[in-house]
Each structure stands twice: as structure tokens, then as C-alpha cells.
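>>> quick one, structure for this:
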Amino acid sequence: MYFEILDRDAGARLCKLKENGKKIKTPCIAIVVNPNRMVLQIKELKKAGVDLIIANSYILMKSKFKEEIEEKGLHKFFRWKNFIYTDSGTYQMFSRGIKHIDNASIVNFQRKIGSDFITPADIFTLPNESFSVAEKKLLETFKRIEQAASLTSKFVLPIQGGAHLELRKKACKFANKFEPRVFAIGGIVPLMNSYEYMKLVEIILTCKSYLKPNIPVHAFGAGHPITFALLACCGVDIFDSAMYSIAAREGRYLTPYGTKHIAEINEFPCSCEVCRKYEPREVREMSKTEMERIIAKHNLFIILQEIKLIRQSIMENSLFELLQIRARAHVKILQALIFMLKKFRKYFIEHDVFPKPRGIFYSGTETLLRPEIIKAKEKLKNVEAERMETTKSKIFGEIPKNLVAAYPFLHFQGFEEFKEPKINWKVYFRLLLDYQFGRGASKCIKNFELELARTGKPRFVKVKGERIGTISAETGFFIPNAKGAFLLKDFMKKITVKKEAEGFVRKGKNLLAKFALPIDRIYPGEEVLVLNEKNEIIACGKSLMNSKEIKFFRRGAAVKIRDVILRSQ
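Numbering: from 1, shown residues only. The predicted structure is shown next:
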């Protein structure tokens, strides 16, 4: 299966997942379908833009359609060409008190009907269960995972452990021995039902910190759109939802900021097909079956719209702002956001892009906890500003006046706004080198000249008449070419390219992760040097992954090559 990072923001990633003509983009929602009770037909799901469906194995095995499904297979039965995911039905069996489960039969049934994602019957663990009970269930789950792995390569690996973080870590270390299709974090539905979002993100981010990064992560049962931005920010790739139909059955109307009952709505706050066509009064006067179907169509629209908005937010580096807006819908989400930015600061610094082409919008006091701001404060320590004129900022502290054009100072949009001072651009460049690459980097480039753009801001940097790089108009950062990178070689972070890919990099092609070996601790967005196995500098470029991702991903580019260094340089 092909899994590749396309873009990223915060702890989230926009990825491509494909195999044999089937493909989806993540973050993605798997819409739950039940052949016994199809509130919306498959053709309606397709028309709405659903990419992935998920069915419950236990329900399928007990269904009146079982023989037809076994004969035709899932894809022909549902008339669905794209991926189909099957859950084992563990939660349903747990809730019905079924204790004797034949894991091999459940796995083989999913194989027989042609599931693309096959889930073993893990042991469901409640958050309030003791360590000893949760551990006993986890060890049994390990046995079932091993059995599933021996039966199929398409297996999903459930991560259990209840509320016990040590058990979650143990589950992740066990999981890393395998190459499953998906890591599925289970046992979290009760936390969502009781609005324990702080505990929820703690479990997910603990798992994300220990799991291999090259496998998609699924949060089992995360189906309400109010949580999507929060969990996507934590790095969840796949959600699943029966909420569109379950809520509709009870007359509940979903919004991205909560749930309303149809009885209390005077005017629909939405412009989907359903809400344009009907008035709330008309929906209330429908038969129960028709009202359920109509509300389900709206609910599905809201769920899919939120997923699309999250993907767009990742692309434009505005996911934190979207999450902060969603956090105002429920105080427990805001509490979870503040908690995760404090406790998992290191995780977000390692995964978030810096610098970004987009500014930072102040959306509440938690904005000050964002990794871009934390990283900027750390980088300011590299700049010797004792004798320089500075400007005071409530957000960043003391900033040299000649450095405020660098990201994220003038890029910060809040109550406190910088008035751009008259900048000495030669001083700016010297300060920038230390800020961007580390204290002392400014000593590597001497006797430089700046070529200004029509805006009066620097565009090109030259030494002895030759360009050594450009100043980004978006971030104010220095983008070195081969000559500039060579001058900064002692301060730029380094990655080795394997011998078999050296020729491609020398031609200016991107360095793929499977051919890269990070020497230093790499973060996304940094300007890096690429060395060959003889320790010779051969290229420079922008890192697209962090060190851990480079180690594990077999697909996608680790470095976007900007320029190659000739052997004579």
C-alpha cells in the first residue's frame, strides 16, 4: 500500500493512500454502512462525496444478507469500487455481553468478503478498568493481533490499554514490530461520550509519540465533527462515523460547533441541499422515517464538509486557527487544546512547519503556546542583541528592531501590532543568519551585497558579484543556493543520501525518504545540506519531514532540492 505525506501543519498531515487503483486522501472519514438498515443508499453516499466506507463484521455475519455478501464480496454487494474497511465488531460484542469470540473466524470472514482493511477481535477496554484488568486484556489482544498477521497482510492493528499510558506505550512498542495497514486507537468512545477530551488527546498523542510514523492512524469511534480539528491536529488520519444516521434517528441536527434538536430550530444555519430545500417546520411534519433520512443527509454533509475544511486548513497552514474556533464551541475542547500544547510541546515542535508562508492570527491566549512562537523565542537566544536597539513585544519579548521583518514577528496578527521600523537591511541579514542557523552563522558570510526589490526589501544576496541565495518575500528567511549553503556548511543541518540515489540528487531531483539518512535532528521547513556517503556536500534544499519520518517512510520526498553543488565548488 502506498502512503505518502503531501502537506502538513501543526501535528496533522495531508497524505495520499492508494493501492491497485483505489485511493483516498487523509485526513479522511470512513462512513459506517449497515446493510440491514441503510438510512442513505450507497448512490447517495457517492453523490455526497464519500471516499471510504466501513462496515461492522459482527453485523455482517449476523445479517440476512450474509450469504449474498460472501458470494459476491463486499465491493460487488455494496457496488463500491474504492476502499472498504471492516471493523471486527468488538464494541458491539462487548456491549451485548458476548464473551466467547473466535478471532480467526472473524478475520477469515473479512478475508473471504474482500475487505481492504481487516480488523482482528481485540479486547475492548474501558477507561475506568484497573491496570491489571487492562493489562490482561492487552496481552490477549496481542495474541489475536499475531494471529491476524499470520492470516492476512491487510490487517488493522488495534492499540488498546484503557486509560493507562504505560499500557498504551507497551501496545505501541508491540505494534511497531509489524507492518499493518492501519494503527487503530481503540477504547476511546467512552471518553468522547463523557467529553473527556483532555484524556482523549493525552492517549492519542502518547500513541503517536511511540508509533512508527509511516502507518495511518485511525481513532476508532471518533465521529462527531466537533472533535475532528482537535484530533487531526494530534495526527489522526482516519475517523469513522455512524453519527450522521444515529443522530438523525433521534432528530439531532449536527453542526461543526455542536448538536441541535430539530424541535428547537426555527431556521436552518446551513446552506446544504437539504437546508435550502426545506424549512425546519416542514421536516418536523414529515414521517419519522423520512425525517430521519432528510436529517441524515444534512448530517453527512456537515461531516464531509468539516473533513474537507481540515484538509484545506492543513494546506494553507491555518489548522491551529480552525481548532481555536472549534474550541470556543465547547470548554472541554479548549481545555484539551491548552493541555496538549503544554504537555506535548516537544511533539508539536518536531512536527510543525517552521517558518510558514502564512501569518499567525491571535485567537485567544492559547495562541501564545503555539510551536511557531515557542520556536521563535528559542531562536532569538541565538542573536546577540545586548547593544542593539530593540522593540518590546508582549508576545516575543525583546526583539532587535532590525530583525522584526523575519518570521513570525511582523507576521503575527493580534491586538499588539508591530509598526515596521526603518530597517538597516545589512544588519538584518547578519542578525537573520544567527536567528535562522544558530549563533555564529553570521561570521560565515562576509563582504556581502544585497540587491533590493522594487518594494525596497532585499531580494538577492551576493558575494563578489555572485548570488549566494535569496531572501523569501513570504517569511523573510534566507534561502541559500549551492554557494550560500557551502558557506554555511558548519551551521546547516545535514542529511546523507544513499549511494544508489546520489546521481538523482546531483541532477536536482528531490531526495526521497527511503534513500535518506538524517545526520542531525531535522524539523520540517529547515534549509538543509545533503551529503553523499563520502561525506561530500552535493546539494541543499528544504526538509519536508522530521528525522523520525525520514527513518521510516519508504514513499515521498524527505528534502525538496533547491540547488546542487558542483564538484569544483
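
>>> residue 239 in helix, strand or coil?
At residue 239, secondary structure determined by DSSP: H, G, I helix; E, B strand; the rest coil is strand.

>>> residue 309 versus that one, what's the distance?
As judged by C-beta to C-beta, to the nearest Å, residue 239 and residue 309 stand 13 Å apart. Any C-beta I mention is one placed from the backbone N, CA and C, and that applies to glycine too.

>>> how about residue 301?
Distance from residue 301 to residue 309, by C-beta to C-beta: 12 Å.

>>> roughly how far apart are the residue of the chain positioned farthest from its centre and residue 489?
Distance to the chain centre peaks in the chain at residue 464, reaching 44.3 Å (criterion: C-alpha atoms, centre = their mean). To residue 489, residue 464 is 18 Å away according to C-beta to C-beta.

>>> before we move on, what about residue 410?
30 Å.

>>> so what's residue 137 up against?
123-125, 129, 160, 162 (C-beta atoms under 8 Å, 6 or more residues apart in numbering).

>>> in three-state terms, label it for me.
helix.

>>> one more: residue 528?
strand.

>>> cool, residue 269 as well?
coil.

>>> ditto for residue 115
coil.

>>> residues near it, how many?
27 (other C-beta atoms under 10 Å).

>>> give me the distance between the residue nearest to residue 265 when sequence neighbours are not counted and residue 402.
Distances taken as C-beta to C-beta, 6 or more residues apart in numbering put residue 280 closest to residue 265, at 4.4 Å, once the chain neighbours are dropped. Using C-beta to C-beta, we find residue 280 at a distance of 59 Å from residue 402.

>>> so the two - more neighbours on which side?
Using other C-beta under 10 Å, the more surrounded residue of residue 280 and residue 402 is residue 402, with 24 against 17.

>>> look up how far residue 437 lies from the residue lying closest to the more buried one once chain neighbours are set aside.
Of all residues not flanking residue 402 in the chain, residue 427 sits nearest, at 4.3 Å (C-beta to C-beta, 6+ apart). Using C-beta to C-beta, one gets 16 Å for the distance from residue 427 to residue 437.

>>> show me the contacts for the residue nearest to residue 286 when sequence neighbours are not counted.
Spatial nearest neighbour of residue 286, chain neighbours left out: residue 294 (6.6 Å); criterion: C-beta to C-beta, 6+ apart. Shown in contact with residue 294 (C-beta under 8 Å, 6+ apart): 248, 274, 278, 283, 286.

>>> using the three-state scheme, assign residue 294.
helix.

>>> low-confidence ranges in the stretch 401-550 of the chain?
416-418 (pLDDT under 70).

>>> quick one, strands of it?
Assignment of strands within the stretch 401-550 of the chain using DSSP state E, counting those that start in this stretch yields the ranges 412-413, 448-452, 458-463, 466-471, 478-480, 493-497, 511-512, 516-518, 527-531, 537-543.

>>> can you check the stretch 101-250 of the chain too?
117-118, 156-159, 182-185, 217-219, 238-241.

>>> looking at the ones you listed, spot the one closest to residue 197.
Closest of those to residue 197 is strand 217-219, at 11.9 Å (criterion: C-beta to C-beta).

>>> so what's residue 530 closest to, chain neighbours aside?
Residue 530 sits nearest to residue 539 (C-beta to C-beta, 6+ apart), 4.2 Å away.

>>> helices of the stretch 151-300 of the chain, start to end?
Assigned helices in the stretch 151-300 of the chain, in chain order: 165-175, 189-193, 197-210, 228-233, 243-249, 273-277, 280-284, 288-315 (criterion: DSSP state H, counting those that start in this stretch).

>>> actually the stretch 351-500 of the chain, not the one I typed
Counting by DSSP H, counting those that start in this stretch, residue ranges of the helices within the stretch 351-500 of the chain are 371-380, 425-437, 482-487.

>>> pull the residues that contact the first one.
Meaning helix 371-380. Outside helix 371-380, the residues touching it (C-beta under 8 Å, 6+ apart) are 10, 341, 345, 348-349, 352, 354-356, 360, 367, 395-399, 407-409, 412, 435-436.

>>> got a PyMOL select line for the buried ones in the residues you listed?
Command for PyMOL, covering only those of the contacts of helix 371-380 found buried under the criterion 16 or more other C-beta atoms under 10 Å:
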select buried, resi 10+341+348+349+352+354+355+356+360+367+395+396+399+407+408+409+412+435+436
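
>>> which residues of this protein score low on pLDDT?
95, 97, 99, 385-387, 416-418, 566-569.

>>> surely residue 208 meets residue 340?
No - here residue 208 does not reach residue 340: they are 10.8 Å apart, not a contact under C-beta atoms under 8 Å.

>>> those two: which is more packed in?
Between residue 208 and residue 340, counted using other C-beta under 10 Å, residue 340 has the larger neighbour count: 26 against 21.

>>> how about the more buried one, secondary structure?
With three-state DSSP as the basis, residue 340 sits in helix.

>>> mind listing what the residue nearest to it when sequence neighbours are not counted touches?
Once flanking residues are discounted, residue 340 sits nearest to residue 201: 4.7 Å by C-beta to C-beta, 6+ apart. Neighbouring residues of residue 201 by C-beta under 8 Å, 6+ apart: 230-231, 234, 336, 339-340.

>>> need the residues you listed in CSV with distance to residue 548, can you?
CSV is the format used below for the contacts of residue 201 (distance: C-beta to C-beta, whole Å):
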residue, distance to residue 548
230, 23
231, 20
234, 16
336, 24
339, 23
340, 19
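
>>> out of the residues you listed, which one sits closest to residue 504?
residue 234 (34.7 Å).

>>> contacts only, for the closest one.
11-12, 201, 204-205, 208, 340.

>>> if we use 7 Å, what do you get?
By C-beta atoms under 7 Å, 6 or more residues apart in numbering, residue 234 lies in contact with 11, 201, 204-205, 208, 340.

>>> ok, now residue 356?
By C-beta under 7 Å, 6+ apart, residue 356 lies in contact with 317, 372, 407.

>>> number of residues surrounding the residue lying closest to residue 251 once chain neighbours are set aside?
The shortest distance from residue 251 to any non-neighbouring residue, by C-beta to C-beta, 6+ apart, is to residue 262 (4.5 Å). By other C-beta under 10 Å, the residues close to residue 262 number 20.

>>> my read: residue 262 touches residue 250, true?
No - between residue 262 and residue 250 no contact is recorded; they are 9.4 Å apart, counting by C-beta atoms under 7 Å.

>>> coming back round to it: among the strands of the stretch 401-550 of the chain, which is nearest residue 143?
Nearest to residue 143 among the strands of the stretch 401-550 of the chain is strand 516-518; the distance by C-beta to C-beta comes to 35.8 Å.

>>> sheet partners, orientation included, of that closest one?
strand 493-497 (antiparallel) (DSSP bridges).

>>> so how far is the partner strand off the chain centroid?
Here strand 493-497 is found 25 Å from its chain centre; the criterion is C-alpha atoms, centre = their mean, to the nearest Å.

>>> also stretch 464-481?
30 Å.

>>> with only the CA atoms kept, save it in PDB.
Output of stretch 464-481 as PDB, limited to C-alpha atoms (Å, rounded to 0.1, in the frame of the first residue of the first chain):
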ATOM      1  CA  LYS A 464      31.800  39.100  -5.000                       C
ATOM      2  CA  GLY A 465      29.000  39.700  -7.600                       C
ATOM      3  CA  GLU A 466      27.700  36.200  -7.400                       C
ATOM      4  CA  ARG A 467      24.300  35.200  -5.900                       C
ATOM      5  CA  ILE A 468      24.500  33.000  -2.900                       C
ATOM      6  CA  GLY A 469      20.800  32.900  -2.200                       C
ATOM      7  CA  THR A 470      17.500  34.900  -1.900                       C
ATOM      8  CA  ILE A 471      15.500  36.400   0.900                       C
ATOM      9  CA  SER A 472      12.000  35.000   1.000                       C
ATOM     10  CA  ALA A 473       9.300  37.600   0.500                       C
ATOM     11  CA  GLU A 474       6.900  35.400   2.500                       C
ATOM     12  CA  THR A 475       9.000  34.600   5.500                       C
ATOM     13  CA  GLY A 476      12.000  36.900   5.400                       C
ATOM     14  CA  PHE A 477      14.200  33.900   5.800                       C
ATOM     15  CA  PHE A 478      17.400  33.200   3.800                       C
ATOM     16  CA  ILE A 479      17.100  30.600   1.100                       C
ATOM     17  CA  PRO A 480      20.700  29.700   0.200                       C
ATOM     18  CA  ASN A 481      21.700  28.400  -3.200                       C
END
